[in-house]
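Build me a model:
(2 chains)
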Amino acid sequence: MAEKGSTTKGVRTRFAPSPTGPFQMGNARTALFNYLFTKANKGVFVLRIEDTDRERSRPEWEEDALENLRWLGLQWDEGPDREGPYGPYRQSERAAGYRKRLEELLAKDKAYRCYCAKEELEAMRQDQQSRGEAPRYTGKCRQLTKEEVERKETEGRTSIIRFLTPSRTLVFDDLIRGKISMDTGLLGDFVLAKDLESPLYNFSVVVDDFDMAITHVIRGEDHLPNTPKQILLQEALGLPPVAYAHLPLLLAEDRTKLSKRHGDNSLTRFRKEGYLPEAVINFLALLGWNPGDERDIFRLSDLLKEFSLKRVQKAGAVLNLKRLDWLNGQYIRMKSTGELAELCAPYLEQANLLEEISKGRYRVVATGKQIGEKELSSVVALYQERLKRLGEITNLADFFFQEKLSYEATLLSWKETPPAKTQQALERVGELLGGIEEKDWNKEEIAKILLPAAEEEKDRGFLLWPLRVALTGREASAGPFEVAEALGRTKTFQRIEEAKAKL
RNA sequence: GGUCCUGUCGUCUAGUGGCCUAGGACACUUGGUUCUCAUCCAAGAGAUCACGGGUUCGAAUCCCGUCAGGACCGCCA
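Here you go, the predicted model:
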């Protein structure tokens, strides 16, 4: 394990998720800001897995974090799957470093073993709280003599390792919040480790940040109270300080910290619903950071050029999902139809409307008909301006993939038009379209023929509405000309006939 | 309860003593665009800058106090 903490010059940051649950929006935002700061400063971005809690840590949650980070495009330079000079990158694999430092603190009497039972401690906490004091360990086992310790050990009493917290006023500088001061006497003798092999968060973080030569710690504001503890530990171990930046929290509607209680905010959920990574990045970046002017569309590459911790907000930010929807729509519209088709295909497959035969070749499940990338593109293009999430394509474009449409006959009539009149309207549309040959079957040509006829009526909807409903079976959809083009000549006539039969 | 942090439209925010009768974006309302929906365009409503006091010719911006909200107080991270 390299120890270059005090000599390394460049910026080194880490994002350190704990694999105890799905990767959340809050994790993504912290990762993003770390990434932006690091890359804006030509630094090295480290991914460290904080799995010291063996009971709760699961490999699948680690994989979930990696997968979503990759999806977002936040590539780390060193991590569990990318060995570097400071590995391994899972805390569960770094026991030697912890043991060494724990023994060192114990030997220097900067830490001590505590034999108090959990129940005892709980009672103590209750008591302190009832008297209006800050609940903290009183230091009962501090005074244990060597003999007492030996006796307890031979008795087989279990112990934990506590830090002998020095009492003083500690001041540190936060890159976002400025000077923060704290009376460390209020901290109590917090626990460093369950035993020499089982370090706890505050301790393992300090050891690893040094051993991995981390220069800047950028994390959520919820870690602000941990910072004095970690600084005290650095001092006790004789380690150099690191710079801190505490990001404002991501909040739910009720302005409390975002949590499971507020519903599923996992990245996997947003990914599955069809949010684009560039939209999520843009959304998250603007939650707590802004460029100082009125631009609001930023891709990762733009952010890299402009990001600065100086422009990071101090107050928490409520997640405004409507804004995410808007941004996602913006990015969907920026895609080429080919890209969009490729992005939508998995959703259509999942809805069992489509099967991929080979790359770019599909089979329509209901009809068995084969279609290529071009046809699929023409369908998704119909809804490019209407999609907020890719997943919505299945409900919007299903008419294209169905053999027969099911809708109420009354839907075919424009406003109060009686069925007989609607019948006539469809008749007329059929005649007009019949004049267009297969080779000329495109929306411009169709519009050229249909629009003047529709114009002759008092209301364009008289002809256009029944046609559109006949083709889509929907009250709301893309326009009739483009839908007719996408469906093709044969299918268009078939649907017009089916509509007439309904009336 | 203690400690720490925070406080500009519903939400994200611009703003670092005069350009602020506070700007933008999302959401909302209304109107316009080849039927519908959406997009797009235009307009509108929406903030006594948490409150009170002070400094100043002048304060959202500086100082003091108050209040409110949040985070944390684990042998979780």
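
Nearest to the middle of chain A, which residue? Look it up for me.
Note on chain A: the residue nearest the mean C-alpha position is residue A:267, at 3.3 Å, using CA atoms, centre = their mean.

Can you give the contact residues for the helix or strand in which residue A:347 is found?
Using DSSP states H and E, residue A:347 maps to helix A:337-350. By CB atoms under 8 Å, 6 or more residues apart in numbering, the residues outside helix A:337-350 that reach it are A:274, A:276, A:332, A:335, A:354-356, A:362, A:373, A:376-381, A:384, A:390-391, A:393-394, A:397, A:401. All C-beta atoms are positioned from the backbone trio N, CA, C, and that covers glycine.

Now do the helix or strand residue A:45 falls within, average pLDDT.
Using DSSP H and E, residue A:45 maps to strand A:44-47. Strand A:44-47 shows an average pLDDT of 98 in the prediction.

Output it as CSV, nothing but the C-alphas.
Only the C-alpha atoms of strand A:44-47 are listed here, as CSV (Å, rounded to 0.1, in the frame of the first residue of the first chain):
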residue,chain,number,x,y,z
VAL,A,44,-7.6,11.7,-10.3
PHE,A,45,-11.1,10.5,-9.3
VAL,A,46,-11.2,7.4,-7.1
LEU,A,47,-14.1,5.1,-6.5
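
buried ones in the very next helix or strand once past it?
Moving toward the C-terminus from strand A:44-47, the next helix or strand (DSSP H and E) is helix A:59-72. Buried residues in helix A:59-72, counted by 16 or more other CB atoms under 10 Å: A:61, A:62, A:64, A:65, A:66, A:68, A:69, A:71, A:72.

Would you mind pulling up the elements that the helix or strand hosting residue A:268 packs against?
Here residue A:268, judged by DSSP H and E, is contained in helix A:267-273. With contacts taken as 3 or more CB pairs under 8 Å, 6 or more residues apart in numbering; DSSP states H and E, helix A:267-273 sits against helix A:25-40, helix A:59-72, helix A:277-285.

that older thread, so can I have JSON lines of the buried residues of helix A:59-72 showing pLDDT and distance to RNA strand B?
Listed next are those as JSON lines, based on pLDDT from 0 to 100; distance: CB to the nearest atom of the strand, whole Å:
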{"residue": "A:61", "pLDDT": "98", "distance to RNA strand B": "11"}
{"residue": "A:62", "pLDDT": "98", "distance to RNA strand B": "12"}
{"residue": "A:64", "pLDDT": "98", "distance to RNA strand B": "15"}
{"residue": "A:65", "pLDDT": "98", "distance to RNA strand B": "11"}
{"residue": "A:66", "pLDDT": "98", "distance to RNA strand B": "16"}
{"residue": "A:68", "pLDDT": "98", "distance to RNA strand B": "16"}
{"residue": "A:69", "pLDDT": "98", "distance to RNA strand B": "16"}
{"residue": "A:71", "pLDDT": "98", "distance to RNA strand B": "21"}
{"residue": "A:72", "pLDDT": "98", "distance to RNA strand B": "18"}
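
before we move on, the earlier item: is RNA strand B contacted by the strand holding residue A:45?
No: Strand A:44-47 does not reach RNA strand B (CB under 7 Å from any atom of the strand); its nearest approach is 13.2 Å.

again with stretch A:312-325
Yes: using CB under 7 Å from any atom of the strand, stretch A:312-325 reaches RNA strand B at A:313, A:314, A:315, A:316, A:317, A:318, A:320, A:322, A:323, A:325.

Does the fourth one touch residue A:221 like I think?
Which is residue A:316. Yes: assessed by CB atoms under 8 Å, residue A:316 is found in contact with residue A:221 at 7.3 Å.

From residue A:500, how far off is the residue nearest to the centre of chain A?
Here the criterion is CB to CB, to the nearest Å. By it, residue A:267 lies 49 Å from residue A:500.

and the next element down the chain from the helix holding residue A:347?
strand A:354-358.

next one: the helix or strand following that next one to chain centre, how far?
Toward the C-terminus, strand A:354-358 is succeeded by strand A:361-364 as the next helix or strand (DSSP H and E). Distance of strand A:361-364 from the chain centroid (CA atoms, centre = their mean, to the nearest Å) equals 31 Å.

Thank you, goodbye.
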